[in-house]
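[1] Everything below, folded, please.
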Amino acid sequence: MFRIDRRSGVATYLQIVRQVEQALRMGALQEGDRLPTAAQVAATTKVNPNTTLKAYRELERAGLTEVRQGAGTFITRSLTQTGSGPDWPLRSALNEWLYQAKAEGLGSAEVQELFETSFEAVYGAGTD
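    Take a look at the predicted model:
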């Protein structure tokens, strides 16, 4: 479930938190879903189980998860946004792209430059 980039400069526990938040925004995780155990995450990502537990505590503090003794960590609410209007699918895709760029460690200036370069490639410079 988790993909850890050790070169990103982003703390490992924050990468886990952000990936859970992104999965909640995209609807890949929903209320009632169970997160993998710290041992399962450690086995698949080679991350210390305490790092995963730190991420899960952060998610619990944010009100996104709850620990059920003996059962695991469960999602308690969704972050999906209900959209409307003809531009909603495009806005949703753009939001998803921005969250991915942030999760990959790109700063706002880098994202803006990347967007502007791509925008100009498609629409041309100075197009209204």
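
[2] From here on, just use CA atoms for contacts and neighbour counts.
    Noted.

[3] residues touching E31, list them.
    Taking C-alpha atoms under 8 Å, 6 or more residues apart in numbering as the contact definition, E31 lies against F74, I75, T76, R77, S78.

[4] let's see 7 Å
    E31 makes contact with I75, T76, R77, S78 under the criterion C-alpha atoms under 7 Å, 6 or more residues apart in numbering.

[5] helix/strand/coil for R6?
    Using DSSP: H, G, I helix; E, B strand; the rest coil, the structure places R6 in coil.

[6] One more: A121?
    A121 - assigned by three-state DSSP - is helix.

[7] got a list of what it touches?
    So A121 contacts nothing (C-alpha under 7 Å, 6+ apart).

[8] for R34, same thing?
    Neighbours of R34 in contact, by C-alpha under 7 Å, 6+ apart: G72, T73, F74, I75.

[9] change it to 6 Å
    T73, F74 (C-alpha atoms under 6 Å, 6 or more residues apart in numbering).

[10] bridging residues for it?
    Beta bridges link R34 to F74, judged by DSSP bridges.

[11] how much space is there between it and Y56?
    For R34, the distance to Y56 equals 12 Å [C-alpha to C-alpha, to the nearest Å].

[12] Repeat that for E66.
    E66 is 9 Å from Y56, by C-alpha to C-alpha.

[13] Looking only at neighbour counts, state which of these two leads.
    Y56 (26 against 19; other C-alpha atoms under 10 Å).

[14] mind listing what's buried in the worst-scoring helix or strand of the chain on mean pLDDT?
    Among the helices and strands of the chain, helix 88-103 carries the lowest confidence by mean pLDDT, DSSP states H and E, at a mean of 78. Using 16 or more other C-alpha atoms under 10 Å as the test for burial, helix 88-103 gives S92, E96, L98, Y99, A103.

[15] Between those residues, which sits nearest Q19?
    A103 (7.4 Å; C-alpha to C-alpha).

[16] quick one, what contacts that closest one?
    So A103 contacts nothing (C-alpha under 6 Å, 6+ apart).
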